[in-house]
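> Pasting the sequence and the predicted model now:
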Amino acid sequence: MTSSNRKIGILGVGFGSAVHIPGFRSEGWEVAAVYSRNEERARTAAGENDVADYYTDAYELINRDDLDAIGIATPPGPHHEFAIAALKGGKHVLCEKPFALSAAQAAEMRDVAAETGHTAMVAHEFRHTPQREQIKELLDDGYIGEFKMASLELYLSRGGGGTPPPMTWASRRADGGGFLGALGSHFIDGLRYWFGDVETVTGRLDTFQPDRTDADTGAVVQSETDDSFTFTLGFKNGGSATMTCSSAVIPARGARIAVMGSEGTLFAEQASPNPAEDGGILGSQGGPLEPIETPARLMPFSDGRDPRLMAFRLLVRDFNRGIEDGVSPTPNFVDAWRCQQILDAIRESSDTGRTITIE
């Protein structure tokens, strides 16, 4: 069965509407149904996206016998239950990040995916951005020699003054909120993609702008999750990476990535939270940093509807291939579990002040 004959249901209508629905459609899927626990949002998303059916009960959608796959784009709290129900119900699964609420949940999701044999991937689509793919290729080609260290910065701004933003799931610990999971997970996956598995973790979480507005009372309440973090990862193959990140600085300065080795250095920037479609890398093997041309094959097309869509559509192409070949291409649920182990270790290190070893 080709992707043009496959049907998918999308759980979640925020990122689901912006990226999952157009992304899957552009790669040949029929989006047959959407889910939101809020009926008005579900109905509106279905109408605006020309989707035939909408649900406020996720399991009614998951249990439909005419669906081949489920895209999970809800907040992370129910990912564990939804993914396992979908896999056991005979569906392939593409699940958003943050993947789970704990490494224990992630391990169970990994195991069910392996037991059922269905294609199961995590939406770390930024592996497919030209900048990150090119860094991977240059590392594999030995451009920097032996990897020594990487330094990453990401500084974003929520602005200052005025009414605090609303208290949502992103500010609740029990719901899987926090800046570390929201954006840190993408960078952690990228670091594993480049340098392999992580052995040691130290980290610190902070909340510099805790004020939130309670939607029901209008009162100012306090966020339970981080808006800033620092971590250092030591890799099993050698070398280390340190990242400092905040969404509570003024002004925003985007991201900077420096990768250093025995023979050279790579440097990349991005102006927004997410890497751009058009790449851009500087490199040095002893002299000044100079631009390295981005190969055209790493930019196969552009999608002006949303800057994240090119990378997401490339991920969906891998998902399609996985279904056809009976495999789960990377980043799969094993990668998602490994990333979740690191997220958990950063939080544990922040709570205890210790360096955490990952088995």
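All right, it came through fine.
> Thought residue 358 was touching residue 341, still the case?
Yes - between residue 341 and residue 358 there is a contact at 5.4 Å, judged by Cβ atoms under 8 Å. Backbone N, C-alpha and C define where each C-beta goes, glycine included.
> which of these two has more neighbours?
Ranked by neighbour count (other Cβ atoms under 10 Å), residue 341 and residue 358 place residue 341 first, with 22 against 17.
> overlap in contacts of residue 341 and residue 358?
Shared contacts of residue 341 and residue 358, defined by Cβ atoms under 8 Å, 6 or more residues apart in numbering, are found at residue 198.
> Quick check, residue 274 in contact with residue 124.
No - applying Cβ under 8 Å, one finds residue 274 not in contact with residue 124, separated by 11.9 Å.
> These two - which one has more neighbours?
residue 124 (27 against 18).
> how much space between that one and residue 96?
Noted for residue 124: a distance of 9 Å to residue 96, by Cβ to Cβ, to the nearest Å.
> so where is the stretch 51-200 of the chain shaky, pLDDT-wise?
When residues are selected by pLDDT under 70, those of the stretch 51-200 of the chain lie in 159-161.
> in stretch 264-275, what counts as buried?
The neighbour-count check on stretch 264-275 (16 or more other Cβ atoms under 10 Å) flags 264-270, 274-275 as buried.
> I should have written stretch 80-93 there, sorry.
Buried-residue list, stretch 80-93, by 16+ other Cβ under 10 Å: 80, 82-87, 89, 91-93.
> Residue 244 contacts residue 253, doesn't it?
No - with contact defined as Cβ under 8 Å, residue 244 does not reach residue 253; the gap is 11.5 Å.
> Now the common contact residues for those two.
Common neighbours of residue 244 and residue 253 (Cβ under 8 Å, 6+ apart) are residue 153.
> In terms of helices and strands, where is the spatially most distant residue from the centre of the chain?
Taking Cα atoms, centre = their mean, the residue of the chain most remote from its mean C-alpha position is residue 287, at 34.8 Å. Here residue 287, judged by DSSP states H and E, is contained in no helix and no strand.
> Return the helix ranked longest in the chain as CSV; C-alpha atoms alone will do.
Longest helix in the chain, counting residues (DSSP state H): helix 333-352. Extracted in CSV, the C-alpha atoms of helix 333-352 (Å, rounded to 0.1, in the frame of the first residue of the first chain):
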residue,chain,number,x,y,z
PHE,A,333,11.3,5.2,19.9
VAL,A,334,14.8,4.0,20.9
ASP,A,335,16.2,7.4,20.2
ALA,A,336,13.2,9.0,22.0
TRP,A,337,13.9,6.8,25.1
ARG,A,338,17.6,7.8,25.1
CYS,A,339,16.7,11.5,24.8
GLN,A,340,14.2,11.1,27.7
GLN,A,341,17.0,9.5,29.8
ILE,A,342,19.1,12.6,29.3
LEU,A,343,16.2,14.9,30.2
ASP,A,344,15.5,13.0,33.4
ALA,A,345,19.2,13.0,34.2
ILE,A,346,19.4,16.8,33.8
ARG,A,347,16.5,17.2,36.2
GLU,A,348,18.0,14.8,38.7
SER,A,349,21.4,16.6,38.5
SER,A,350,19.6,20.0,39.0
ASP,A,351,17.8,18.6,42.1
THR,A,352,20.8,16.9,43.6
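> Who are the packing partners of that helix?
helix 103-116, strand 120-122, helix 185-195, strand 198-206, strand 228-235, strand 356-357 (3 or more Cβ pairs under 8 Å, 6 or more residues apart in numbering; DSSP states H and E).
> and if we set it to 10 Å?
If you count contacts as 3 or more Cβ pairs under 10 Å, 6 or more residues apart in numbering; DSSP states H and E, helix 333-352 packs onto helix 79-88, strand 92-95, helix 103-116, strand 120-122, helix 185-195, strand 198-206, strand 228-235, strand 356-357.
> Please enumerate the strands of the stretch 251-359 of the chain.
254-261, 265-270, 281-284, 290-292, 356-357 (DSSP state E, counting those that start in this stretch).
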